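>>> What would the 3D arrangement of this be:
(chains A and B)
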Amino acid sequence: GAGVSQSPRYKVAKRGQDVALRCDPISGHVSLFWYQQALGQGPEFLTYFQNEAQLDKSGLPSDRFFAERPEGSVSTLKIQRTQQEDSAVYLCASSFGGGPEQYFGPGTRLTVT
Amino acid sequence: QKEVEQDPGPLSVPEGAIVSLNCTYSNSAFQYFMWYRQYSRKGPELLMYTYSSGNKEDGRFTAQVDKSSKYISLFIRDSQPSDSATYLCAMKVGASPDMRFGAGTRLTVKP
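Predicted coordinates for the structure are as follows:
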């Protein structure tokens, strides 16, 4: 199991519910990224961690989105009061340094009904 | 207008054909140019990346970057049915973590 893992793979939430999405990066990878991929589109950057520090959160679409990586390994993306427009695949990626080689997990498909 | 433009296709070719996939971009500050392959219900997988202008070859895949035209290409030689996937171009500025993706081109290689 050397790759990036994400859980759950699928999540259905009723509008207004809070959700938490988990990412386990490749062991030893310092950098961790979250992306949102809408149907038929490319991934869009949400936020970036270097170890436990969140260095860039410019892509988070609203203050309902929150991400953390408290021990510099596992990360959680939390969405509060989900809306229908939050329905998308949420991808996590990790890399050893800050270079262009990012390794993606399989994603969590979130459907808000 | 999006910062990175990519024709979504779909593109269908017979096995053995040469495939050409392209992206254009508007931000001249981009320095790294990546190509990812994404199978259905999977995460993107990095195929190759290029720094600045020039060509790079890896097996059946060749990436080209023309910064003067703001145009990048991926060529796949001797295409195989297993190459059927969505191909995403991506770009970023130096050490910035913000990688900008195209919408992806869906490719089908028919046996």
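>>> Now residue 47: closest residue in space that isn't a chain neighbour?
All of this refers to chain A. residue A:57 (4.4 Å; C-beta to C-beta, 6 or more residues apart in numbering or on different chains). Heads up, the C-betas are built off the backbone N, CA and C, glycines and all.
>>> wait, I meant chain B there
residue B:35 (4.6 Å).
>>> Okay, now the unreliable bits of chain A?
A:1, A:98 (pLDDT under 70).
>>> Up against chain B, what does it have?
Proximity of chain A to chain B (C-beta under 8 Å from any C-beta of the partner chain) is limited to residues A:4, A:31, A:33, A:40-45, A:48, A:55-56, A:58-59, A:91, A:93, A:98, A:100-107.
>>> Just the residues contacting the helix or strand hosting residue B:73, thanks.
Assigned by DSSP states H and E, residue B:73 falls within strand B:71-76. With C-beta atoms under 8 Å, 6 or more residues apart in numbering or on different chains as the test, strand B:71-76 has contacts from B:18-25, B:33, B:35, B:47, B:50, B:60-66, B:83, B:87, B:89, B:91.
>>> The strand or helix carrying residue B:33 packs against which elements?
Taking DSSP H and E as the definition, residue B:33 sits inside strand B:32-38. For strand B:32-38, the elements it packs on are strand B:45-51, strand B:61-66, strand B:85-92, judged by 3 or more C-beta pairs under 8 Å, 6 or more residues apart in numbering or on different chains; DSSP states H and E.
>>> so residue B:67 touches residue B:28, yeah?
Yes - at 7.4 Å, residue B:67 counts as touching residue B:28 under the criterion of C-beta atoms under 8 Å.
>>> Pick out whichever of those two has more residues nearby.
residue B:67 (15 against 10; other C-beta atoms under 10 Å in any protein chain shown).
>>> So for residue B:86, what's the pLDDT?
On the pLDDT scale, residue B:86 is placed at 97.
>>> Next up, the contacts around residue 10.
Unless you meant another one, I'm taking chain A. Here residue A:10 is in contact with A:108, A:109, A:111 (C-beta under 8 Å, 6+ apart).
>>> ah, no, chain B please
Contacts of residue B:10 by C-beta under 8 Å, 6+ apart are B:105, B:106, B:107, B:108.
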